[in-house]
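1. Provided below for reference: sequence and predicted model.
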Amino acid sequence: MPGLRGDFVEACRKDMYKFEREGLMEEETMYDKVWKVVKGATGAGTKDTQKLRADGLTRHTAEGQNIIFRSPKQGWTTYVKYHTYSDGLTFSPEAIEDTVKLKDMLTDYSKTWGIEERVSKETLGARPFNEGGNLLGDFIFNGSYTGEADPSGDLVYDSKPLFNLTGNARTTKGGQTYYNSVADAYPSSGDVLPSHIKTLYNLMTATNNRDEQGAVVRNKPDTILTKAGNDEISVWEICNSDQKAASALNDKNVWRGKFKNLYAWDYLTEDAIFMGKARAESCQFHERLASNIRFFRHEDTAGYKASIRVRFGVYLKVGCWRDWVRGGGTSA
């Protein structure tokens, strides 16, 4: 009967949503701790053009001196594409009729979907760190979407890798040059050392503490991000010991309590440590479409089908390279 069929479909859909969420939340995620999550995105993607600040106030040297008027200036334009992820299942009429525990079967599949959604978000979220030193770039940095072509292609908005070495410096709109990756700020063997942390901290706070036009800005990191395992343990020891690590002297440890977050991310593959700002405005994870589950009658076969679709993307805005520095990793 149509009414009963509709009730059956709706009940199955509600159950699948419930258990998909359980699968999604089965483990703690890291992408939403590292990236600023923005919900409710619309369209196939989005773009934004930076508005450069004024050139600075002019100190008057005489009474009645004229004000200098300037036209507003634009900076970089950044783009993001929203990627679609999906999966589908088909159930023959015999499977529906003969399966006594249909609800259990749907529960198992929907929990799996939740797990796979989490894996997809974690994998995409970690990709800018894993591919950030790729000289040829990567799809994660290409924000082209329908009707909009990202002119920087597979690189960041300024046509450089996200993490660049001093020999491949990037140039800002103010004409200054910068790098945010240091190859030897990571051990070739053994443990991460306090000297590695110091190199990255100085690079971020005393060199890259400039805006797009070269003015000084406060640029304090609050997070160190590593692979799970040895790097995680080494960094924890450096940042939590009372005394200075790897020192024969009884000096106080300057790094104790310096960083709010010490994150180990299972999805990182780069032999590197990253220092930066968690949930920075320049590093966003846009959720375009929350999990959309369908369960419906397939009239051609008298069976049923189920599907899931989600859409999201990583948006690297102007200043993303200032908000993170890297020690080690792929040469760039």
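-> Here it is on my side, so go on.
2. Would you map the strands across the protein?
-> Assigned by DSSP state E, the strands in the chain fall at 36-39, 45-51, 74-81, 83-91, 170-171, 177-178, 181-182, 223-227, 261-265, 272-276, 283-298, 303-316, 324-328.
3. Show me the one of the ones you listed that comes nearest residue 27.
-> strand 261-265 (12.4 Å; CB to CB). Just so you know, the C-beta spots here come from the backbone N, C-alpha and C atoms, and that holds for glycine as well.
4. Now mean neighbour count, mean pLDDT and distance to residue 241 too, for the strands of the chain, in CSV please.
-> Converted to CSV, those look like this (neighbours: other CB atoms under 10 Å; pLDDT from 0 to 100; distance: least, CB to CB, whole Å):
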stretch, mean neighbour count, mean pLDDT, distance to residue 241
strand 36-39, 15, 96, 31
strand 45-51, 16, 90, 41
strand 74-81, 20, 92, 40
strand 83-91, 14, 89, 42
strand 170-171, 14, 96, 36
strand 177-178, 13, 97, 32
strand 181-182, 25, 98, 23
strand 223-227, 23, 98, 15
strand 261-265, 17, 98, 13
strand 272-276, 26, 98, 17
strand 283-298, 17, 88, 30
strand 303-316, 21, 90, 34
strand 324-328, 27, 98, 20
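5. need those in JSON lines with distance to residue 114, can you?
-> Compiled in JSON lines, the strands of the chain are given as follows (distance: least, CB to CB, whole Å):
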{"stretch": "strand 36-39", "distance to residue 114": "17"}
{"stretch": "strand 45-51", "distance to residue 114": "25"}
{"stretch": "strand 74-81", "distance to residue 114": "24"}
{"stretch": "strand 83-91", "distance to residue 114": "11"}
{"stretch": "strand 170-171", "distance to residue 114": "39"}
{"stretch": "strand 177-178", "distance to residue 114": "41"}
{"stretch": "strand 181-182", "distance to residue 114": "36"}
{"stretch": "strand 223-227", "distance to residue 114": "25"}
{"stretch": "strand 261-265", "distance to residue 114": "20"}
{"stretch": "strand 272-276", "distance to residue 114": "28"}
{"stretch": "strand 283-298", "distance to residue 114": "8"}
{"stretch": "strand 303-316", "distance to residue 114": "9"}
{"stretch": "strand 324-328", "distance to residue 114": "29"}
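6. Out of those, which gets nearest to residue 195?
-> Comparing these by CB to CB, strand 324-328 comes nearest, at 10.2 Å.
7. got a list of what residue 19 touches?
-> By CB atoms under 8 Å, 6 or more residues apart in numbering, residue 19 lies in contact with 106, 107, 110, 111, 114.
8. list the contacts for the residue minimising distance to the centre of the chain?
-> When CA atoms, centre = their mean is applied to the chain, the residue found nearest the centroid is residue 125 (4.1 Å). By CB under 8 Å, 6+ apart, the contact set of residue 125 is 30, 31, 34, 35, 267, 285, 314.
9. if we go to 6 Å?
-> By CB atoms under 6 Å, 6 or more residues apart in numbering, the residues touching residue 125 are 31, 35.
10. Repeat that for residue 325.
-> 180, 200, 203, 204, 275.
11. again, 7 Å this time
-> Residue 325 makes contacts with 180, 181, 200, 203, 204, 208, 275, 276, as judged by CB atoms under 7 Å, 6 or more residues apart in numbering.
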